[in-house]
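Chemist: Just to be clear, the model below is a prediction. Sequence and coordinates:
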Amino acid sequence: MSEKKERIPVENSRRYFIKQSAAALAGFIIVPRSVLGGNRPDGSKYLAPSDAISLGFIGCGKQGRILSNYFLGTNEIRIVSISEVYKDKSELMVKTIKSNLEKNKQTGNDIGVYNDYRELLSRKDIDAVIIATPDHWHGAMAVKAAEAGKDIYCEKPLTLTVREGRAMVNATRKFNRVCQTGSMQRSWKEFRQAVELIRNGFIGEIKSIKVNVGPPPVAYDLAEEPVPGGLDWNKWLGPNEFKPFNAELAPPITKDVYPNWRKYKEFGGGGMTDWGAHMFDIAQWALDMDESGPVEIFAPDADHPVLTYKYKNGIIMTHEKWEWNNAVLFVGTEGELRIARGRLETTPASVKEITIGDTHKHVYKSENHYKDFLNAMRTRTKPVCDVETGHRTATVCNIGNIAYQLKRPLKWDPKEEEFSKDAEANALLGRPMLNEWAIKI
């Protein structure tokens, strides 16, 4: 009873299995030992170059480097190009890729390196792009990538605003692209188990959900610092209005940390979208709301001590602290379920031991988020966290942030993706974007 994967039409001219001659033009050739009759260190066979998918990476900070390792670990891809506005980070990315290849006894020549991601998109030898930039860039880059005929893996949260998320979905569908959201918890066993236990009613009807993630964002207020050499600050800002540089937004490579741009509403959505894009996503999945969402949001007030969402079926979901950090608590009529990374507990405890059998409801099964994306590319089907799914989860986070900002109740129409009779709130569903980087929303 597994959910069927929806097939996506493919343009006839599109080729996903690159020929040797095209690979030579790519400027980056991985030569597997299988060409000479060898195996990988783990004993598995190497793919021939003609079977590998060619990727371009946009954004080469800490998360981009991590993703390059994960994708190379599939033994199904080659990285032919990268785009990064901070020279030190692009150089470190190239070193990271080559070091990974050397560990697996693979070799490669030069990787195309670009300051402007549009140059990367113009390359015909790239099948898909991995977008690992700050959130304020996601919408513009993903739409342009779809227009360029590239499939897309985009980090979560999918977009900074609701309107940009819908533009991403529209572009993905219009140009028949595959787009995976980087919400990798959907490919983790404990989260799939939790969702299937809930979908099959093992804790009864869900009455309420508590999501414990960080706070909403704040306005950017950091002191101006000198822009370091090798950083194109204007391109880092991209579609945003000018803000002065501070190293908290783009730390040097000597600091192996995630940058703090997530905290500021000009660039991210605070903890609400950072961890919220993971944990509200699990709530949406469990409620089978991947193409919908709540209908009311209540900002904290006398009647609602914490931010509160209400779904049409009456289920209440709150953004509040409870015993586990970055976790979700489901309360049903017959029990409870608590889920976090690497941790699943139920009340009664016996619920956790239930085996989901063939006669039960099942959700899409993915055991490797990166292989799932590559498989969806080859089969032209939707991946486990399709662009619509990622957009809907980001929307839950973003409309929550709007309620926090306006400090009043809001009525949300998930079908029309608008607030009911509320021009002030609807104005916050999008944002001005500079003309050079603007997309149609």
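Modeler: Okay, I see it.
Chemist: which element follows the longest helix belonging to the chain toward the C-terminus?
Modeler: Scanning the chain for the helix with the most residues, using DSSP state H, yields helix 387-406. Past helix 387-406, further along toward the C-terminus, the next helix or strand under DSSP states H and E is strand 410-413.
Chemist: Report the strands that pair with that next one, each with its relative direction.
Modeler: Strand pairing for strand 410-413, using DSSP bridges, gives strand 296-298 (antiparallel), strand 418-419 (antiparallel).
Chemist: what mean pLDDT would you report for the shortest one?
Modeler: Here strand 418-419 scores 98 as its mean pLDDT.
Chemist: same question, the longest one
Modeler: Strand 296-298 shows a mean pLDDT of 98 in the predicted model.
Chemist: Quick one: list the elements packing against the next helix or strand after that strand.
Modeler: Of the helices and strands lying after strand 296-298 in sequence (DSSP H and E), the nearest is strand 307-310. With contacts taken as 3 or more C-beta pairs under 8 Å, 6 or more residues apart in numbering; DSSP states H and E, strand 307-310 sits against strand 296-298, strand 316-319, helix 387-406. Any C-beta I mention is one placed from the backbone N, CA and C, and that applies to glycine too.
Chemist: between the ones you listed, which one is nearest to V331?
Modeler: Closest approach to V331 among the helices and strands packed on strand 307-310 (C-beta to C-beta): strand 316-319, 9.3 Å.
Chemist: Report the separation between the two terminal residues of stretch 423-438.
Modeler: Separation of the first and last residues of stretch 423-438 by C-alpha to C-alpha, to the nearest Å is 22 Å.
Chemist: In which helix or strand does the closest residue to R177 other than its chain neighbours reside?
Modeler: Leaving aside its chain neighbours, R177 sits nearest to A146 (4.7 Å; criterion: C-beta to C-beta, 6 or more residues apart in numbering). Element membership of A146, judged by DSSP H and E, is helix 135-147.
Chemist: May I have the longest helix of the chain as PDB, with CA atoms only?
Modeler: Taking C-alpha atoms only, helix 387-406 is exported to PDB below (Å, rounded to 0.1, in the frame of the first residue of the first chain):
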ATOM      1  CA  VAL A 387       8.900  21.100  -4.200                       C
ATOM      2  CA  GLU A 388       5.200  21.400  -3.300                       C
ATOM      3  CA  THR A 389       5.800  19.600   0.000                       C
ATOM      4  CA  GLY A 390       8.800  21.800   0.900                       C
ATOM      5  CA  HIS A 391       6.800  24.900  -0.100                       C
ATOM      6  CA  ARG A 392       3.900  23.900   2.100                       C
ATOM      7  CA  THR A 393       6.100  23.300   5.100                       C
ATOM      8  CA  ALA A 394       8.000  26.600   4.600                       C
ATOM      9  CA  THR A 395       4.600  28.300   4.400                       C
ATOM     10  CA  VAL A 396       3.500  27.000   7.800                       C
ATOM     11  CA  CYS A 397       6.700  28.500   9.200                       C
ATOM     12  CA  ASN A 398       6.400  31.800   7.300                       C
ATOM     13  CA  ILE A 399       2.800  32.500   8.200                       C
ATOM     14  CA  GLY A 400       3.700  31.800  11.800                       C
ATOM     15  CA  ASN A 401       6.400  34.400  11.600                       C
ATOM     16  CA  ILE A 402       3.900  36.900  10.100                       C
ATOM     17  CA  ALA A 403       1.500  36.300  13.000                       C
ATOM     18  CA  TYR A 404       4.400  36.900  15.400                       C
ATOM     19  CA  GLN A 405       5.200  40.200  13.500                       C
ATOM     20  CA  LEU A 406       1.600  41.500  13.400                       C
END
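Chemist: Enumerate the positions of it that are buried.
Modeler: By neighbour count with 16 or more other C-beta atoms under 10 Å, helix 387-406 contains the buried residues 387-404, 406.
Chemist: what do you get for stretch 157-176?
Modeler: Buried positions in stretch 157-176, judged by neighbour count with 16+ other C-beta under 10 Å: 157-169, 171-172, 175.
Chemist: and what of stretch 239-248?
Modeler: P239, N240, K243, F245, N246, A247, E248.
Chemist: Save those residues as a markdown table, and put in secondary structure too.
Modeler: Below are these laid out as a markdown table (DSSP: H, G, I helix; E, B strand; the rest coil):
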| residue | secondary structure |
| --- | --- |
| P239 | coil |
| N240 | coil |
| K243 | coil |
| F245 | coil |
| N246 | coil |
| A247 | coil |
| E248 | coil |
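Chemist: and of the residues you listed, the nearest to K103?
Modeler: Distance to K103 across the buried residues of stretch 239-248 (C-beta to C-beta) is lowest for A247, with 31.2 Å.
Chemist: The residue nearest to K265 when sequence neighbours are not counted: neighbouring residues, count only.
Modeler: In space, K265 comes closest to P217 once its chain neighbours are excluded; the distance is 3.9 Å by C-beta to C-beta, 6+ apart. P217 has 24 neighbours, counted by other C-beta atoms under 10 Å.
Chemist: Looks like P217 contacts G269 (just checking).
Modeler: Yes - P217 sits in contact with G269 when judged by C-beta atoms under 8 Å, with a separation of 5.4 Å.
Chemist: Please enumerate the shared neighbours of those two.
Modeler: Any residue near both P217 and G269 by C-beta atoms under 8 Å, 6 or more residues apart in numbering counts here, and that gives R262, N401.
Chemist: Retrieve the pLDDT associated with the residue nearest to I402 when sequence neighbours are not counted.
Modeler: The shortest distance from I402 to any non-neighbouring residue, by C-beta to C-beta, 6+ apart, is to L428 (4.9 Å). For L428, the pLDDT comes out at 98.
Chemist: what's near enough to touch L428?
Modeler: T161, I402, Q405, L406.
Chemist: Then P348?
Modeler: So P348 contacts G335 (C-beta under 8 Å, 6+ apart).
Chemist: likewise I79?
Modeler: I79 neighbours (C-beta under 8 Å, 6+ apart): F28, S54, L55, G56, F57, S68, F71, L72, I97, I111.
Chemist: Helix, strand or coil: sort out the fourth one for me.
Modeler: Spelled out, it's G56. Criterion first, three-state DSSP; result for G56: strand.
Chemist: wait, isn't it in contact with V129?
Modeler: Yes - counting by C-beta under 8 Å, V129 is a contact partner of G56 at 4.8 Å.
Chemist: Touching both of the two, which residues are there?
Modeler: Residues touching both G56 and V129 (C-beta under 8 Å, 6+ apart): L120, L121, K150.
Chemist: Please state the mean pLDDT value computed over the longest helix of the chain.
Modeler: When pLDDT is averaged over helix 387-406, the result is 98.
Chemist: Alright, calling it a day.
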